[in-house]
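Participant: Dropping the sequence and predicted coords here.
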Amino acid sequence: TLLVYNSPILKELIHNINHKSNNNFTEHILMKSMFVLDSAKTLDHAASALQNYWLRTLNSNENFIMVDGCGLSRKNAISPSLMNDLLCHMYNNKNINIKNNFMMSLPVSGLTGTLKYLGDGTILQNNFYGKSGSMDGIRCYAGYFKKNNEYYSFTIMLNHLTCSSLQSFKLIEQFMIDVYEKL
């Protein structure tokens with residue numbers, strides 16, 4: 001034996017994925033979860049198995065294409081509406097302890113992870129739990145606004161940006177503040 005490595009517990013892996021966008025962990029969790037759920041044995045089959053699982057679970061026939069677990073492939077496609085349906089499902093699923101598990105794995109606006117600077121010093125700070133995603137010309141946020149102990153799912157996706165990354169960040173941040181104020 002050259003090396004024995006014990007993986008961190010799943011809760012810690014998910015926290016790392018959501019706070020630091022650890023794409024390597026994401027791919028491995030995709031493969032393992034789909035192997036358990038659907039006997040997927042390859043990464044290619046795991047992504048399509050998860051895609052089919054969510055379409056069945058959400059009872060949707062929307063165009064949804066998943067080719068990897070981390071979202072880096074430009075072939076991935078999901079609508080903001082379907083993402084919001086998924087967030088609502090997660091929040092309303094009685095089998096998931098949303099407040100203690102899933103929600104606590106997400107970064108908090110203005111405080112932690114990939115949302116550390118989103119809403120920093122504004123009414124969004126500590127009131128949006130979510131995940132960001134960005135690549136060249138793309139910026140996305142999905143998660144939950146928290147207001148008066150109620151949670152509201154929110155998804156925004158911008159593609160083919162013609163402005164700078166900073167400009168898109170500031171525009172989305174202001175839009176989120178405006179939406180939050182109207183809740």
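Facilitator: It's in.
Participant: What is the burial count for Leu87?
Facilitator: Applying other C-beta atoms under 10 Å, we find 20 other residues in the vicinity of Leu87. (Each C-beta comes from the backbone N, C-alpha and C, glycine too.)
Participant: Quick one: low-confidence residue ranges for the chain.
Facilitator: With pLDDT under 70 as the threshold, the chain has low-confidence stretches at 38-41, 43, 96-100.
Participant: Just give me the longest helix of it.
Facilitator: Looking only at the chain and at elements set by DSSP state H, the helix with the highest residue count is helix 165-182.
Participant: what bridges to the residue sitting nearest the centre point of the chain?
Facilitator: Central residue check for the chain by C-alpha atoms, centre = their mean: the C-alpha nearest the mean position is that of Lys131, 4.5 Å away. Using DSSP bridges, the beta-bridge partners of Lys131 come out as Ala142.
Participant: and Asn24, how many residues sit next to it?
Facilitator: Other residues near Asn24 number 11, with proximity taken as other C-beta under 10 Å.
Participant: Backbone dihedrals for it, both of them.
Facilitator: Note on Asn24: its backbone torsions stand at phi -60, psi -50 [degrees, to the nearest 10].
Participant: so how far is Gly69 from it?
Facilitator: Plainly put, Asn24 is 10 Å away from Gly69 if you go by C-beta to C-beta, to the nearest Å.
Participant: Over to Leu171?
Facilitator: Look at Leu171 and Gly69: by C-beta to C-beta, they are 29 Å apart.
Participant: what do you get for Asn6?
Facilitator: Here the distance between Asn6 and Gly69 works out to 22 Å (C-beta to C-beta).
Participant: same question, Tyr129
Facilitator: Summarising the geometry, the distance separating Tyr129 from Gly69, computed by C-beta to C-beta, is 21 Å.
Participant: There's contact between the residue nearest to the centre of the chain and Leu106 in this structure, I believe.
Facilitator: Yes. Here Lys131 reaches Leu106: they are 6.3 Å apart, a contact under C-beta atoms under 8 Å.
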